[in-house]
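>>> Below are the sequence and a predicted model for it; my questions follow.
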Amino acid sequence: MIERELIITTKHGTMPSFTACPEGPGTWPAVILLMDAPGMREELRNHARRIAKGGYFCLLPDMYYRLGTIRLDLSRRDDAMTAVVRAARQSLTDTLVKDDMAAILSFVDAQAKVTPGPVGTVGHCMSGRYITTTAAQFPHRIKAAASLYGVGLVTDTDDSPHRHLAGIAAELYYGFGEIDKSTPPSYVAAFRAALDKAGVKFSLDVFPGADHGYCFAERQAYSAAAAEESWRKLFDLWRRNLNGH
């Protein structure tokens, strides 16, 4: 596997990123992995490696680059660290992420190892919102978008993603945990209804007994059954929409 730590230039500065793709000749469809609120760390790189092992060029950007370098040891998480995570997460907006996605797409288009054409996205937690907003903003490029335990999808504000699903060309996948307090049944039901109303192509799972963060093997909330089913759904999604286009 080929791994690189590199810099992507954006209109707001330089964004450190991690890429992974298979070795050998040929090109690979691009999958963009958007981080969750705790930011860049090894467990996300391991997810990028698994995506690359499946036959994709995976790019993991540091979405907090505007704040400098934020690296947190989640095993020592306390109230002070939680406050840092919350502040960093709140520094992002849909517009800023749109600007970053434009730079990311330009970057992958210049890579010799990337297959030209449609790209996929996947986001955890806070980035469930951003894989949805960018699918609407870049329908000509993003053809497969997936969210795991995504928050911020249904809010009371006018810019809530569930109000702006029309025009999405990507096939969408959403995975939620049954006992995740951040995505209660009413939230999931409201989002499902919005997806149905918009007429977009999607699938949505609620995994019995699963909690927030169920896909991270390093977490207390890890659920092997839910995680492996989500991985299967992710690779099926990308295979349908990115391979052999």
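Happy to help now that I have it.

>>> drop to CA atoms for contacts and neighbour counts, all remaining ones
Fine.

>>> Now do the lowest-mean-pLDDT helix or strand in the chain: which elements does it pack against?
Using mean pLDDT, DSSP states H and E, helix 79-90 stands out as the lowest-scoring helix or strand of the chain, at a mean of 79. For helix 79-90, there is no helix or strand it packs on, judged by 3 or more CA pairs under 8 Å, 6 or more residues apart in numbering; DSSP states H and E.

>>> Give me the next element, helix or strand, following that helix.
Sequence order places helix 94-109 as the next helix or strand after helix 79-90, per DSSP states H and E.

>>> related to what we said a few turns ago, format the CA atom coordinates belonging to the least confident helix or strand of the chain as CSV.
Extracted C-alpha coordinates of helix 79-90, given in CSV (Å, rounded to 0.1, in the frame of the first residue of the first chain):
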residue,chain,number,x,y,z
ASP,A,79,-14.0,17.9,30.3
ALA,A,80,-11.3,20.2,29.1
MET,A,81,-10.6,18.0,26.0
THR,A,82,-14.4,17.8,25.3
ALA,A,83,-14.5,21.6,25.4
VAL,A,84,-11.6,21.7,22.8
VAL,A,85,-13.5,19.2,20.6
ARG,A,86,-16.7,21.2,20.8
ALA,A,87,-15.0,24.5,19.9
ALA,A,88,-13.1,23.0,17.0
ARG,A,89,-16.3,21.4,15.6
GLN,A,90,-18.2,24.6,15.9
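
>>> roughly how far is that helix from the heart of the chain?
In terms of CA atoms, centre = their mean, to the nearest Å, the gap separating the centre of helix 79-90 from the centre of its chain is 20 Å.

>>> residues near Arg163, how many?
If you count neighbours by other CA atoms under 10 Å, Arg163 ends up with 17.

>>> how about the closest residue to it other than its chain neighbours, what does it touch?
In space, and not counting its chain neighbours, Arg163 is closest to Ala194: 7.2 Å by CA to CA, 6 or more residues apart in numbering. Ala194 makes contact with 162-163, 165, according to CA atoms under 8 Å, 6 or more residues apart in numbering.

>>> what kind of secondary structure is the most centrally placed residue in the chain in?
When CA atoms, centre = their mean is applied to the chain, the residue found nearest the centroid is Gly123 (1.6 Å). Under DSSP: H, G, I helix; E, B strand; the rest coil, the three-state class of Gly123 is strand.

>>> how about the strands of the chain, start to end?
Listed in chain order, the strands of the chain (DSSP state E) span 2-10, 13-21, 30-34, 57-61, 119-124, 142-148, 171-177, 202-207.

>>> Now do the contacts for Pro208.
Counting by CA under 8 Å, 6+ apart, Pro208 makes contact with 177-179.

>>> In JSON lines: the contacts of Ala194, plus pLDDT and distance to Asp62.
As requested, the contacts of Ala194 are exported to JSON lines (pLDDT from 0 to 100; distance: CA to CA, whole Å):
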{"residue": "His162", "pLDDT": "96", "distance to Asp62": "25"}
{"residue": "Arg163", "pLDDT": "95", "distance to Asp62": "27"}
{"residue": "Leu165", "pLDDT": "96", "distance to Asp62": "26"}
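
>>> Alpha carbons of stretch 18-33, as CSV, please.
Extracted C-alpha coordinates of stretch 18-33, given in CSV (Å, rounded to 0.1, in the frame of the first residue of the first chain):
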residue,chain,number,x,y,z
PHE,A,18,-3.3,11.6,4.6
THR,A,19,-3.7,9.4,1.5
ALA,A,20,-3.6,5.7,0.9
CYS,A,21,-4.0,3.6,-2.2
PRO,A,22,-3.0,0.1,-3.5
GLU,A,23,0.4,-0.4,-4.8
GLY,A,24,1.1,-1.5,-8.4
PRO,A,25,0.0,-0.2,-11.8
GLY,A,26,-3.4,1.2,-12.6
THR,A,27,-5.7,3.8,-11.1
TRP,A,28,-8.3,3.8,-8.3
PRO,A,29,-11.5,5.6,-7.8
ALA,A,30,-11.3,8.3,-5.1
VAL,A,31,-13.1,8.1,-1.8
ILE,A,32,-12.9,11.1,0.6
LEU,A,33,-13.1,10.3,4.3
